[in-house]
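Chemist: predicted model and sequence follow; I will ask about them next.
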Amino acid sequence: MNVYDAERMADVLVPLGYELSDDAESADLVILNTCHIREKAVEKVYSDLGRLRVQKNEHEKRGERMVLAVGGCVAQAEGEEIFRRAPYVDLVFGPQTYHRLPEMIARAHRDSGRVLDTNFPARSKFDTLPAPDHKSGFSAFLTVQEGCDRFCTFCVVPYTRGAEYSRPARQVLDEARGMVDAGISEITLLGQNVNAYHGESKGEVWGLGRLIAALAEIDGLERIRYTTSYPADMDDELIAAHRDIPALAPFIHLPVQSGSDRILKAMNRRHTADDYRRLVDRLREARNDIALSSDFIVGFPGETDSDFDQTLALVDEVGFIQAYSFKYSARPGTPAAALDGQVPEPVKGERLTELQNRLNAGQRAFNESCVGIVMPVLLENRGRHPGQLVGRSPYMQAVHVDAPAETMGTFVDLEITSAHGNSLGARIAGQSDGPDQKRNFG
């Protein structure tokens, strides 16, 4: 979502004469678009600001001005604290206000003072943003939902992104058509809680499954993905979409966080481990080649060895093909930060290592199971070696293949020939049958 937001900020700034630069040292405007989900990410913001202060001072010595801005969730959460810790910052604005960047920048230049905008405007920013400018690339992100009403006790999203908001279906469809007209053939739908989507359409309310069905009718849109999902909001219509819509990738990021019901309750997750298992069974009944990734937090306050063992058991049973796993990080203002039973850092570290070893083994096993399969891959980038192109499989694995330059930007049927920890090797299907019988994807 931060990638999408950053792209839209660039679109907003074009009418002011700004263009993207790869060189922060010579830039007139530098925006740090930030995430507040982990403490380390917050401290990195202040570290980067210290580095940029040197460049800002160099501009001033030359009689020039560098406007330095902090946007996103850290800006929303920290507010005035950023000005206190980094008084050389010019702008601080939250994720719901970046459509007002032109006004903020004008105020900063006019008043030569600090500008703070962390309000939650009554009118959605999406109603006033210009049309996206997709000048390059073959896949794109599209935000359809923001905010969260679930209030997991470890999470800052409801406080930094606000209440759940779903864009009207027509607005989403129009933006998607514009993307396809610009050459995009794969779209990833984004939301903090994307499967809670409830967008208005001509007096009706559409869920995510119905929205995906409408998107799949756009000629030229060949693959649809979505992230991030909340287990309790995975409804029948969305599950059926995985069965019925070929363009919908057979891959779901479905965070479970823990395998212990006691910890899930303390997290306010609104599902049990068995609820999650039953949901996985329903998804696999709908499409037998569907695969899952997930999020895990180890060392949540009060987590015992038994709780952690239940998480390992769930990992073994479900078989996740990818996962993000972290040590619990107390976020200021969240209920979990005040809970008793904070787990010592060494214990968190040991548990995280054990969990990641288990997850990595599962990822490697899945990658190896892909050898011999023919699957459609959108080739998006050049590889490190001459004649090599790189794309993503339906399951989000990086796939490397020697292929003609003219196949860039197209879906190509590739036979997987080798598996690595984080990627796959392939050849164009039909180039060489090899000794084994090939299996088709799907």
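Modeler: Received the coordinates, thanks. Numbering: from 1, shown residues only.
Chemist: beta partners for M375?
Modeler: Beta-bridge partners for M375, by DSSP bridges, are L414.
Chemist: residues in contact with it?
Modeler: S393, P394, D413, L414, I416, F441 (C-beta atoms under 8 Å, 6 or more residues apart in numbering). From N, CA and C alone the C-beta is placed, and that goes for glycine too.
Chemist: what do you get for G191?
Modeler: By C-beta under 8 Å, 6+ apart, the residues touching G191 are M1, T143, V144, Q145, E146, S166, Y197, Y226, T227, T228.
Chemist: make it 7 Å
Modeler: T143, V144, Q145, E146, Y197 (C-beta atoms under 7 Å, 6 or more residues apart in numbering).
Chemist: what is the burial count for D235?
Modeler: With neighbours defined by other C-beta atoms under 10 Å, the count for D235 comes to 14.
Chemist: in space, what's closest to it - neighbours in sequence excluded?
Modeler: G207 (6.2 Å; C-beta to C-beta, 6 or more residues apart in numbering).
Chemist: quick check: the one you found vs S260, distance?
Modeler: 30 Å (C-beta to C-beta, to the nearest Å).
Chemist: who has more neighbours out of these two?
Modeler: For G207 versus S260, neighbours defined as other C-beta under 10 Å are more numerous around S260 (24 against 20).
Chemist: didn't the more buried one look like it was pressed against D307?
Modeler: Yes: taking contacts as C-beta atoms under 7 Å, S260 lies within contact range of D307: 3.7 Å.
Chemist: as a whole number, average confidence for stretch 22-31?
Modeler: Stretch 22-31 carries an average pLDDT of 90.
Chemist: that stretch: which residues count as buried?
Modeler: A27, L29, V30, I31 (16 or more other C-beta atoms under 10 Å).
Chemist: helix/strand/coil for the closest residue to the first one other than its chain neighbours?
Modeler: Spatial nearest neighbour of A27, excluding adjacent residues (C-beta to C-beta, 6+ apart): S21 at 5.0 Å. Reduced to three states with DSSP: H, G, I helix; E, B strand; the rest coil, the structure at S21 is coil.
Chemist: quick check: S21 vs R167, distance?
Modeler: Plainly put, S21 is 30 Å away from R167 if you go by C-beta to C-beta.
Chemist: what about those two, which has more around it?
Modeler: R167 (22 against 12).
Chemist: for that one, give me its contacts.
Modeler: F126, V144, G199.
Chemist: what's the spacing between it and L173?
Modeler: R167 is 10 Å from L173, where distance means C-beta to C-beta.
Chemist: next one: L279
Modeler: For L279, the distance to L173 equals 28 Å [C-beta to C-beta].
Chemist: any idea which element D295 lies in?
Modeler: Assigned by DSSP states H and E, D295 belongs to strand 291-298.
Chemist: where in the protein is pLDDT low?
Modeler: 112, 122-123, 125, 127-128, 130, 134-136, 432-439, 442 (pLDDT under 70).
Chemist: show me it divided up by domain.
Modeler: 2-117, 125-368, 371-440 (automatic domain parsing).
Chemist: mean neighbour count, those domains: which tops it?
Modeler: domain 125-368 (a mean of 18; mean count of other C-beta atoms under 10 Å).
Chemist: from the chain's centre, how far out does that domain sit?
Modeler: A distance of 9 Å separates the C-alpha centroid of domain 125-368 from that of its chain, computed with C-alpha atoms, centre = their mean, to the nearest Å.
Chemist: next up, the contacts around N440.
Modeler: V374.
Chemist: identify the bridge partners of it.
Modeler: Assigned bridge partners for N440, using DSSP bridges, are V374.
Chemist: ok, now L424?
Modeler: V399, A419.
Chemist: how about the helices of the stretch 101-250 of the chain, start to end?
Modeler: For the stretch 101-250 of the chain, the helices defined by DSSP state H, counting those that start in this stretch cover 101-111, 157-160, 169-181, 208-215, 236-244.
Chemist: for these, which one sits closest to F120?
Modeler: F120 lies closest, by C-beta to C-beta, to one member of the helices of the stretch 101-250 of the chain: helix 157-160, at 10.3 Å.
Chemist: in CSV, could you pull the C-alpha coordinates for that closest one?
Modeler: The C-alpha trace of helix 157-160 is given here as CSV (Å, rounded to 0.1, in the frame of the first residue of the first chain):
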residue,chain,number,x,y,z
VAL,A,157,-3.5,0.4,11.9
PRO,A,158,-7.0,1.5,13.3
TYR,A,159,-5.2,4.5,14.9
THR,A,160,-3.0,5.5,11.9
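Chemist: which residues touch that helix?
Modeler: H36, C73, Q76, A77, P95, G147, C148, D149, F151, Q192, G333.
Chemist: mind checking which of those residues land in strands?
Modeler: Taking DSSP state E, every one of the contacts of helix 157-160 sits outside strands.
Chemist: closest to L379 among those?
Modeler: Q192 (30.5 Å).
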